[in-house]
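Asks: what follows is a predicted protein model with its sequence.
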Amino acid sequence: MSAAVWASGLRKRYRRRTAVDDVSFSVARGELMGLLGPNGAGKTTVIKMLLGLVRPDAGEVMLLGRPARDPASRARVGYLPELFRYQPWLTAAEVLGLHVRLAGLTVPDAERRECLGTVGLADRAGDRVGGFSKGMQQRLGLAVALVARPEFVVLDEPTSALDPLGRADVRDLLLSLKERGVAVLLNSHLIGEVERVCDRVLILDRGRVAAAGTLPELLGGRELRLRLDEVSSDAERRLKEVGELTCTGEEYTVALRDPEVIPDLVADLVALGVRVHAVEPGRVSLEERLLGILRAGGER
Amino acid sequence: MSVRVILTIARLTLQEAARRRVLRSLAVLTVLLLAVSAWGFSRIDAEFGDLTSGEARLAAAMVLNLVMFGLSLIAALGTAFLAGPTLAGEIESGIALAVLGRPVRRAAILLGKWLGLVVFGTGFVAAAGLALLLIVRGTAGYWPPEPVTGLALLAGQAVALLTLALLLSTAISPMASGIVAVGLFGATWVAGVVGNVGVALANPGIERIGTVSQVLLPTDGLWRGAMRCFQDPSLFAQFGQAFEAHPFLSIAPLTVPYLLWSLLWVLIVLALAGVAFQRRDL
Ligand SMILES: Nc1ncnc2c1ncn2[C@@H]1O[C@H](COP(=O)(O)OP(=O)(O)OP(=O)(O)O)[C@@H](O)[C@H]1O
Ligand SMILES: [Mg+2]
C-alpha cells in the first residue's frame, strides 16, 4: 500500500527568507510521526504544503497515493490547523456537518455526535462556535479532523490551547488512532507527548531536516544514573569500564553499552567501599536529544 | 468541479449573511429608507395636487430614482461589505485553512461564495425594490414603465460590485476590499454625473470621462439603465432639458453591447479572482 504521505525535496521561500529547504520524508500507513523543531523551523509551512494550502517552490508530495495537486487526494485526510477558527455563526454540530459534506461523505448523526463526544463537546453540539473558548474551539478542530473517517490525520499543535486533562485526552485519542491503523503527523512543542506516542520523529531546524528516525535510533542506548559517596579512583575506573562517565557532585551518569552489567557493577562498587545512595536506569530523553541536535546545529 | 461543493458553500454564505449583523443592519436601513420615501411620496401627492399631473409625475419619477439610488447604495454597500470579509476575513482568521484542507477546489469555494452573494444581493434588490414600487403606487399613484427590467439592472449593479469586492478580497484585507469597492462605485457614479454634464455642455472631452468609467466599472452604466426603466417616457418629451446632466434622471437607454460587456466584465473579474485565489498562499 502507498504511504500516507510522501514528500520529496520540498522548498519554500517567502520573499528573501527561506522557510523550507529540501525537506523529504514519508509517513507510512498507520504510523505516528512526530514533527519537532524550534519556532520558525518551517513545520507549519511543511504541513501546509502537504495539504495544498501553500504552493511549494519545488518538490513533490503524494498524499495517500495520489499527487497532492489533486484535491481528491485529501478526501481521507483530517487536518487541525495551527491557527484554528471555525465559522462563528455556526453551531458545533453544523461545523461538523459542513465538513462531512465538503468531504463528500455521508456520516450518520450518531457517529458525528460520538465524534463530538470523544473531544468532550457532546453537551455543546447545539451552541454557536463564536461563544466557544479557545480550548473548546481546538477540541472542535480535533473533531473536525476526525469526523470524515480519515486515513491520515495532520495535527498542527493540537494541544496548544488545551488544559492538562485535554492533553491527556489527546494522547489517548492518538493511541486509539494508531490502534485503528490511522496514520498521524503530529507537530507539537510538548516533547513528552511526542515521545510517549510517536513511532518516528522528524526534527526540522531552520527549514532543513536536522534529524529523523525511530525513537530508539534517535535516542541511542540507555544510561544509568547513580548517586554515590566516597568514590575512590579505583571505583571511578570501574565505572568508566562500563561506559562513558559524566559526574556532577554526587551524581554520576554512565552511558551503558550493555544493560546486563548493572548488578555486577553495583556489587563491585560496594566492594570498593563506595556508599551507593541511588541507582536509576534512565534513557536519554527526547528533550535532551533535541536540545543537543539543535545546539549542535546552531554552532555550525 | 463539484456542484455539491459550490452549493454547500453558497448555502453557507447565505447562512452567514442571515446570521451575522449585516442582514440586520441592511434590514434596518431599508425599512428606514422605505418609511422616509413613503412619507416623501405622500407629501409630493399633497403639495403637487394643484400642479399639472405631468409635473407631479416628473417629481415622482425623480424622487423614485433618488430613493432607488439609496436602495442600490444599500444593496451595494451590503453586498460589498459581505463579499470583502467573507473571503479575505476567512483567510486572515484561519477559517479558510480547515475548509480548504478538504478535498475541494479553490475555484469551487470561490464560485460558491459568489453564487451565495449573488442570490443574497438579487433577493435583497427584488424584495426591497418591489416594496418601494408598491409604496410609490400606494402614495403617489405612480407605476414605472419597466419595473422588472429596472430591478434586474439594479441587481446587476449589485452583482458587478460584489464580484469586484470578491476579487479585491483575494488580495487585500477584509475591510479594505469593501471600502475600495464602495469607493470605486462612488467614483464611477460621480464620473457618470460629470460625463452627463459633458453631454449637456456638448463637450466631448468631459463626456468621455463618464463613458470610460462606465466601461471600466459597469455599475454606473447599469444604474443609469435602471433609472430609465423607472421613469415615464412621456416625461422626456415634456421636460427635455430637465433630464440634461441630472443625476436622478436618465436620457439614454442601455444598449445591448453594453449589457453584454457588463456580463463579460463580471465573468472576467470573477476569473481573475479565481486565478488570484488559486495562487494565494494561506
Ligand atoms: N505567510 C508568510 N509570509 C512570510 N513568511 C512566512 C509566512 N509563513 C511562514 N513564514 C516564515 O517561514 C518560516 C517558517 O514558519 P513556520 O510557520 O513554518 O514555522 P513553525 O516551524 O511552524 O514555527 P512555530 O513552532 O512557531 O509554529 C518563518 O521564518 C516564518 O517567518
Ligand atoms: Mg507552526
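Replies: Received it, and whenever you're ready, just let me know what you need. Ligands and ions are numbered 1, 2, ... in the order given.
Asks: SS state for residue 253?
Replies: Going with chain A. Look at A:Thr253: counting by DSSP: H, G, I helix; E, B strand; the rest coil, its state is strand.
Asks: ah, I was thinking of chain B
Replies: Under the three-state scheme (three-state DSSP), B:Pro253 adopts coil.
Asks: so which helix or strand takes in the residue nearest to it when sequence neighbours are not counted?
Replies: Leaving aside its sequence neighbours, B:Pro253 sits nearest to B:Arg228 (Cβ to Cβ, 6 or more residues apart in numbering or on different chains; 5.5 Å). To be clear about C-beta, it is placed using only N, CA and C from the backbone, and glycine gets the same treatment. For B:Arg228, the host element (DSSP states H and E) is helix B:219-230.
Asks: for ligand 1, what are the nearby residues on chain A?
Replies: For chain A, the contact set with ligand 1 under Cβ under 6 Å from any ligand atom comprises A:Tyr14, A:Arg17, A:Ala19, A:Gly37, A:Asn39, A:Gly40, A:Ala41, A:Gly42, A:Lys43, A:Thr44, A:Thr45, A:Glu82.
Asks: so which of those is surrounded by the most neighbours?
Replies: For the residues of chain A next to ligand 1, the largest number of neighbours (other Cβ atoms under 10 Å in any protein chain shown) sits with A:Lys43, at 27 neighbours.
Asks: if we can go back for a sec, which other residues reach the helix holding B:Arg228?
Replies: B:61, B:64-65, B:68-69, B:72, B:76, B:144-147, B:149-151, B:153-154, B:156-157, B:160-161, B:185, B:188-189, B:191-192, B:210, B:213-215, B:248-254, B:258-259, B:262 (Cβ atoms under 8 Å, 6 or more residues apart in numbering or on different chains).
Asks: can you select the buried ones from those residues in PyMOL?
Replies: A single PyMOL command selects the buried members of the contacts of helix B:219-230 (16 or more other Cβ atoms under 10 Å in any protein chain shown):
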select buried, chain B and resi 61+64+65+68+69+72+76+144+146+147+149+150+151+153+154+156+157+160+161+185+188+189+191+192+210+213+214+248+249+250+251+254+258+259+262
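Asks: in strands only, show me the contacts of helix B:219-230.
Replies: Judged by DSSP state E, the contacts of helix B:219-230 include no members of strands.
Asks: quick one: A:Gly59 from A:Tyr14, how far?
Replies: Going from A:Gly59 to A:Tyr14 by Cβ to Cβ, to the nearest Å gives 15 Å.
Asks: is stretch A:59-78 positioned near chain B?
Replies: Yes. For stretch A:59-78 and chain B, the contact criterion (Cβ under 8 Å from any Cβ of the partner chain) is met by A:Pro71, A:Ala72, A:Ser73, A:Arg74, A:Ala75, A:Val77.
Asks: give me the distance between that stretch and the centre of its chain.
Replies: From the chain centre to the centre of stretch A:59-78 is a distance of 21 Å (Cα atoms, centre = their mean, to the nearest Å).
Asks: send me that stretch as PDB with only the CA atoms.
Replies: The C-alpha trace of stretch A:59-78 is given here as PDB (Å, rounded to 0.1, in the frame of the first residue of the first chain):
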ATOM      1  CA  GLY A  59       9.300  19.400  -4.600                       C
ATOM      2  CA  GLU A  60       6.700  16.800  -4.900                       C
ATOM      3  CA  VAL A  61       4.000  15.400  -2.500                       C
ATOM      4  CA  MET A  62       2.000  12.300  -2.700                       C
ATOM      5  CA  LEU A  63      -1.000  12.000  -0.300                       C
ATOM      6  CA  LEU A  64      -2.500   8.600   0.200                       C
ATOM      7  CA  GLY A  65      -1.100   7.500  -3.100                       C
ATOM      8  CA  ARG A  66      -2.200  10.500  -5.200                       C
ATOM      9  CA  PRO A  67      -0.400  13.600  -6.200                       C
ATOM     10  CA  ALA A  68      -1.300  16.400  -3.700                       C
ATOM     11  CA  ARG A  69      -2.100  18.700  -6.600                       C
ATOM     12  CA  ASP A  70      -5.300  16.800  -7.000                       C
ATOM     13  CA  PRO A  71      -7.700  18.000  -4.300                       C
ATOM     14  CA  ALA A  72      -9.300  14.500  -4.300                       C
ATOM     15  CA  SER A  73      -6.100  13.300  -2.600                       C
ATOM     16  CA  ARG A  74      -7.300  15.000   0.600                       C
ATOM     17  CA  ALA A  75     -10.600  13.000   0.600                       C
ATOM     18  CA  ARG A  76      -9.400  10.900   3.500                       C
ATOM     19  CA  VAL A  77      -7.200  13.400   5.300                       C
ATOM     20  CA  GLY A  78      -8.100  15.200   8.500                       C
END
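Asks: mind listing what's buried in it?
Replies: A:59, A:61-64, A:68, A:71, A:73-78.
Asks: now, which of the residues of chain A next to ligand 1 sits nearest ligand 2?
Replies: Nearest to ligand 2 out of the residues of chain A next to ligand 1 is A:Thr44 (Cβ to the ion; 3.1 Å).
Asks: my read: that closest one touches A:Asn187, true?
Replies: Yes. Using Cβ atoms under 8 Å, A:Thr44 is in contact with A:Asn187, at 7.1 Å.
Asks: mutual contacts of those two, please.
Replies: Both A:Thr44 and A:Asn187 are contacted by A:Glu82, A:Asp156, under the criterion Cβ under 8 Å, 6+ apart.
Asks: which non-adjacent residue is nearest residue 254?
Replies: Since you didn't name a chain, this refers to chain A. A:Gly243 (4.5 Å).
Asks: chain B, not that one
Replies: Nearest to B:Leu254 is B:Gly225, by Cβ to Cβ, 6+ apart, at 3.4 Å.
Asks: low pLDDT regions in the chain?
Replies: This is for chain A. A:220-221, A:299-300 (pLDDT under 70).
Asks: I was thinking of chain B, sorry if that wasn't clear
Replies: B:1, B:48-53, B:235-252.
Asks: go again using 50 as the cut-off
Replies: Applying pLDDT under 50 to chain B flags no residue at all.
Asks: that one: helices as residue ranges?
Replies: Using DSSP state H, the helices of chain B run over residues B:3-19, B:21-47, B:53-84, B:90-93, B:95-100, B:106-140, B:147-169, B:174-200, B:204-216, B:219-230, B:233-238, B:256-279.
Asks: packing partners of the second one?
Replies: Going back to what we said before, that points to helix B:21-47. When contacts are defined as 3 or more Cβ pairs under 8 Å, 6 or more residues apart in numbering or on different chains; DSSP states H and E, helix B:21-47 packs onto helix B:53-84, helix B:106-140.
Asks: for A:Glu287, which of the ones you listed is the nearest?
Replies: helix B:106-140 (39.7 Å; Cβ to Cβ).
Asks: now do that closest one and helix B:147-169, the angle between them.
Replies: Here helix B:106-140 runs at an angle of 140 degrees relative to helix B:147-169 (axes from the mean of the first three to the mean of the last three Cα atoms, to 10 degrees).
Asks: let me see the contact set for the residue nearest to A:Ala122 when sequence neighbours are not counted.
Replies: Ranked by Cβ to Cβ, 6+ apart and with sequence neighbours excluded, the top spatial neighbour of A:Ala122 is A:Leu116, at 5.4 Å. A:Leu116 makes contact with A:Ala92, A:Ala93, A:Leu96, A:Ala122, A:Arg124, A:Ala125, A:Leu140, A:Ala143 under the criterion Cβ under 8 Å, 6+ apart.
Asks: where does the stretch 1-150 of chain A come near ligand 2, residue by residue?
Replies: A:Lys43, A:Thr44, A:Glu82 (Cβ under 5 Å from the ion).
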